[in-house]
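Engineer: Quick one, what's the 3D model for this:
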Amino acid sequence: MSQPFILEFKVRDYELDLQGIVNNAVYQNYLEHARHEYLKTFDLDFNQLHIDGYDAVVIKSEIEYKKALKSGDTFTVHTHAEKEGRLKIIFHQSLFVGTEQVLALKAKITTACVSNGRPVEPLLILNKMGL
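Structural biologist: Okay, here's the model as predicted:
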């Protein structure tokens, strides 16, 4: 398992739904952005991987919502990864709110890599990440 990567965010007004809380679909954006920034720490650029014909795709998302975010909330997304089997990389992500770091969300995002539409072992990614 890799070391956790932490990325800070702040809720923007347009991310809220009619209830005045962050819409559940927006959390997917937070998590995806954190994963992309996490990969950059290993000198892995998501866009460059695509240009090179190598795509990491989400095949399963498991999210447990614990606390709703509201306008102006500051929070951090903690991300780490592990290899599962030959073809999957699992990203474990947690979202913590405020200076008290209250758990607001836990997620397990399962990814697989494809090249030319076929599943491939993500050796380049695994090697760079030390998995």
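
Engineer: residue ranges with poor pLDDT in this structure?
Structural biologist: By pLDDT under 70, the low-scoring segments of the chain are 1-3.

Engineer: where's V11 relative to A112, distance?
Structural biologist: Per C-beta to C-beta, to the nearest Å, V11 is found 31 Å from A112. No exception for glycine: its C-beta is placed from N, CA and C like everyone else's.

Engineer: same question, E64
Structural biologist: 22 Å.

Engineer: So which of these two has more stuff around it?
Structural biologist: Of the pair E64 and A112, A112 is the one with more neighbours under other C-beta atoms under 10 Å, namely 19 against 11.

Engineer: Quick check, the more buried one in contact with Y54.
Structural biologist: No: counting by C-beta atoms under 8 Å, Y54 is not a contact partner of A112; they are 11.6 Å apart.

Engineer: Identify the contacts common to the two.
Structural biologist: Listed contacts common to A112 and Y54 are P122; contacts here mean C-beta atoms under 8 Å, 6 or more residues apart in numbering.

Engineer: Please save the CA atoms from the helix ranked longest in the chain in PDB.
Structural biologist: Across the chain, the longest stretch assigned as helix under DSSP state H is helix 24-40. Extracted in PDB, the C-alpha atoms of helix 24-40 (Å, rounded to 0.1, in the frame of the first residue of the first chain):
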ATOM      1  CA  ASN A  24     -23.700  13.600  -4.200                       C
ATOM      2  CA  ALA A  25     -22.400  13.600  -7.800                       C
ATOM      3  CA  VAL A  26     -20.000  16.400  -7.000                       C
ATOM      4  CA  TYR A  27     -18.100  14.100  -4.600                       C
ATOM      5  CA  GLN A  28     -17.100  12.000  -7.600                       C
ATOM      6  CA  ASN A  29     -15.400  15.100  -9.000                       C
ATOM      7  CA  TYR A  30     -13.500  15.700  -5.800                       C
ATOM      8  CA  LEU A  31     -12.400  12.100  -5.700                       C
ATOM      9  CA  GLU A  32     -11.300  12.000  -9.300                       C
ATOM     10  CA  HIS A  33      -9.400  15.300  -9.100                       C
ATOM     11  CA  ALA A  34      -7.600  14.000  -6.000                       C
ATOM     12  CA  ARG A  35      -6.700  10.700  -7.800                       C
ATOM     13  CA  HIS A  36      -5.300  12.600 -10.800                       C
ATOM     14  CA  GLU A  37      -3.200  14.900  -8.500                       C
ATOM     15  CA  TYR A  38      -2.000  11.800  -6.600                       C
ATOM     16  CA  LEU A  39      -0.800  10.200  -9.800                       C
ATOM     17  CA  LYS A  40       1.200  13.300 -10.600                       C
END
